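Trainee: Need a 3D model of the sequence below.
(one chain, ligands or ions: 1)
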Amino acid sequence: MQRLHASNLIPVALALRVLTFSAPHNSQVPIIGRTRLSYKITSGENCHMVVASGHTMTSRADSNSRAENKSDSSNLNDNSRQLSILKKQISELLEDSQQLLTEKLFLENEINQLKKRATKLEEEIRSLRMPPNIIGYIQDLEGEKAIVRSSNGTVFMVSINPTLNKKRLKPGTRVSLNQDTLSIISILDDAFDPLVSSTEILDKTNVNYSDLGGLEQEIKLIRDAIELPFENPGIFKKFGIVPPKGILLSGPPGTGKTMLAKAVANATNATFLGLVGSELAQKYIGEGGRMVRELFDLARKKSPTIIFIDEIDAIGSKRLDSSTSGDREVQRTLMQLLAEMDGFDALENVKIIAATNRPELLDKALLRPGRFDRIIEIALPDLSARKQIFDIHLANMPISKDVNSKKLSIITKGFSGAEIKSVTIEAGMLAIVDNKDNCLMSDFKSAIMTMGIKKKQSNLSDPDRLYG
Ligand code: ATP
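Mentor: Residues are numbered from 1 along each chain as shown. This is a model prediction of the structure:
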């Protein structure tokens, strides 16, 4: 694009002026020296004014005036043409400059944004490079100082960040501590161990007593022990008796123990906190005990609550003179569980239901009155229970008329509730694969056969059977 600098235009304009003054149209004064100017606009950045030639003319006005006038007018035409070219170029330049200005603004804006991003990234890098803070708990406050217990158990007297809200600093508050000075930097919200908070927490379970088949007796026992004290604690006070704090459900796998606990929680509108005992068996000293503590704290916070500990034998086995540190840690966890159970009032809105398949392994301390003093045994379903369980699981299935739950319950002797449920699922799958509209009795029979083979195989691999 052709570009002219304004500075280069100045000599051109001056030359034009000189030209206008030195050559009036009607002048009779002989022109002694006259300069003819021509400009050359190069395609580069610069405009060069080239003085082409100059020659002296003698005063012979008469003979030459006509010729001069002609040349003057042609010069003028030339000049005005060049003037218009210059004007055009100036307007182009103005346009260019406007565009450049916009570009400049855009780039400046981009630079600002990049600068902001760079600052943010620098800040992130700085925070990543920062040494970690230690987490601790306040034990006591001593004037301007606090006694804190760090996460590794050591107790220190430390200073407090003066900007913190003193009202929030109380014994038990979770705080972050500077790694070097251990002074309190910030106040943290209470948090529960991720394992504890990852327990199945259901504010409202969706299991009803009617979802359980053949457990009428067990439902009655559990309702008396858990539902009644939740609903009418006054009656226990009146009679001066203490309701059970915990209930132990014992029985083979898949007999509906978890479902029963969920159904009670639902009936009492209690929060359901469910976890497996082995989750509490931790590797590090004090970890299991801390988790039990936090579990009970969480239960109190969310009360009324039913804590359901499945496979309690993982931490509640008989204490032996064990020598491994792992065993000792499991025992410490059990002690903490017993202490927690003793520590709360039986009429507090927290109840514990534990389940086990091996009740004979449990430590006697767990079963003494005031702890799990009610044991409800749930056996494998009998004939009528199996029929009821089949009826429950068939209720929402499209089945042909020939499907008879009574007949099915006869041929499923020794099946648990969970296995009966699996049979119905398997039969449904067979019908879907065969593109049928509903399940036939033959589908159920094949499903039962498959399940029977599976059961036999698992029984063969049972270590008790191999060596017993
Ligand atoms: P585990 O000891 O292995 O934990 P569990 O006794 O807690 O087993 P659940 O988890 O309650 O057994 O039951 C597993 C499934 O079996 C349930 O989802 C339910 O569908 C079915 N089930 C078991 N018993 C019954 C029953 N009595 N009535 C209806 N369904 C049942």
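
Trainee: Contacts only, for the closest residue to the ligand within the stretch 301-450 of the chain.
Mentor: Per Cβ to the nearest ligand atom, residue 417 is where the stretch 301-450 of the chain lies closest to the ligand, at 2.1 Å. C-betas here are computed from N, CA, C, even on glycine. Shown here is residue 417, whose contacts under the criterion Cβ atoms under 8 Å, 6 or more residues apart in numbering are 213, 254, 255, 256, 381, 389.

Trainee: care to break this structure down by domain?
Mentor: Here the domain parsing of the chain from automatic domain parsing is 3-58, 134-191, 197-377, 383-467.

Trainee: Near the ligand, which residues of the stretch 251-400 of the chain are found?
Mentor: With Cβ under 6 Å from any ligand atom as the criterion, the stretch 251-400 of the chain comes near the ligand at residues 253, 254, 255, 256, 257, 258, 259, 310, 355, 357, 389, 392.

Trainee: who wins for most neighbours among those?
Mentor: Neighbour counts for these (other Cβ atoms under 10 Å) peak at residue 389, which has 31 neighbours.

Trainee: That one looks like it's in a helix, true?
Mentor: Yes. With DSSP: H, G, I helix; E, B strand; the rest coil as the criterion, residue 389 is part of a helix.

Trainee: Would you mind listing the residues in contact with the residue nearest to it when sequence neighbours are not counted?
Mentor: Of all residues not flanking residue 389 in the chain, residue 213 sits nearest, at 3.7 Å (Cβ to Cβ, 6 or more residues apart in numbering). Residue 213 makes contact with 381, 385, 386, 387, 388, 389, 390, 391, 392, 417 under the criterion Cβ under 8 Å, 6+ apart.

Trainee: where does the residue nearest to the fifth one when sequence neighbours are not counted fall, helix, sheet strand or coil?
Mentor: Spatial nearest neighbour of residue 388, chain neighbours left out: residue 213 (3.3 Å); criterion: Cβ to Cβ, 6+ apart. The assignment at residue 213 comes out as coil when based on three-state DSSP.

Trainee: Begin at 30, not 1, for the rest of this chat.
Mentor: Let's use 30 as the start, then, which means that last one is residue 242.

Trainee: Over to the residue nearest to residue 418: give its phi and psi.
Mentor: Torsion angles at residue 242 (phi, psi; degrees, to the nearest 10) stand at phi -100, psi 140.

Trainee: The closest residue to residue 306 other than its chain neighbours: neighbour count?
Mentor: Once flanking residues are discounted, residue 306 sits nearest to residue 343: 3.6 Å by Cβ to Cβ, 6+ apart. A count of nearby residues for residue 343, using other Cβ under 10 Å, gives 19.

Trainee: Residue 343 sits in which helix or strand?
Mentor: If you go by DSSP states H and E, residue 343 is part of helix 342-345.

Trainee: next one: residue 151
Mentor: Going by DSSP H and E, residue 151 is in helix 90-158.

Trainee: For the helix or strand following that helix, buried residues please.
Mentor: Downstream of helix 90-158, the first helix or strand assigned by DSSP H and E is strand 163-171. For strand 163-171, the neighbour count (16 or more other Cβ atoms under 10 Å) marks 163, 165, 166, 167, 170 as buried.

Trainee: same for the helix or strand that strand 163-171 is followed by, what does it pack against?
Mentor: Beyond strand 163-171 on the C-terminal side, the first helix or strand identified by DSSP H and E is strand 174-179. In terms of contacts (3 or more Cβ pairs under 8 Å, 6 or more residues apart in numbering; DSSP states H and E), strand 174-179 is packed against strand 163-171, strand 184-188, strand 203-206.

Trainee: partners of strand 174-179 in the sheet?
Mentor: strand 163-171 (antiparallel), strand 184-188 (antiparallel) (DSSP bridges).

Trainee: just so I know, which of the ones you listed lies nearest the ligand?
Mentor: Once these are compared by Cβ to the nearest ligand atom, strand 163-171 is nearest, at 34.5 Å.

Trainee: So which residues lie in contact with the closest one, not counting its own?
Mentor: With Cβ under 8 Å, 6+ apart as the criterion, strand 163-171 contacts 175-180, 184, 186, 198-208, 211, 213, 217.

Trainee: picking up where we left off before, what helices or strands is the helix holding residue 151 leaning on?
Mentor: When contacts are defined as 3+ Cβ pairs under 8 Å, 6+ apart, helix 90-158 packs onto helix 35-51, strand 62-70.
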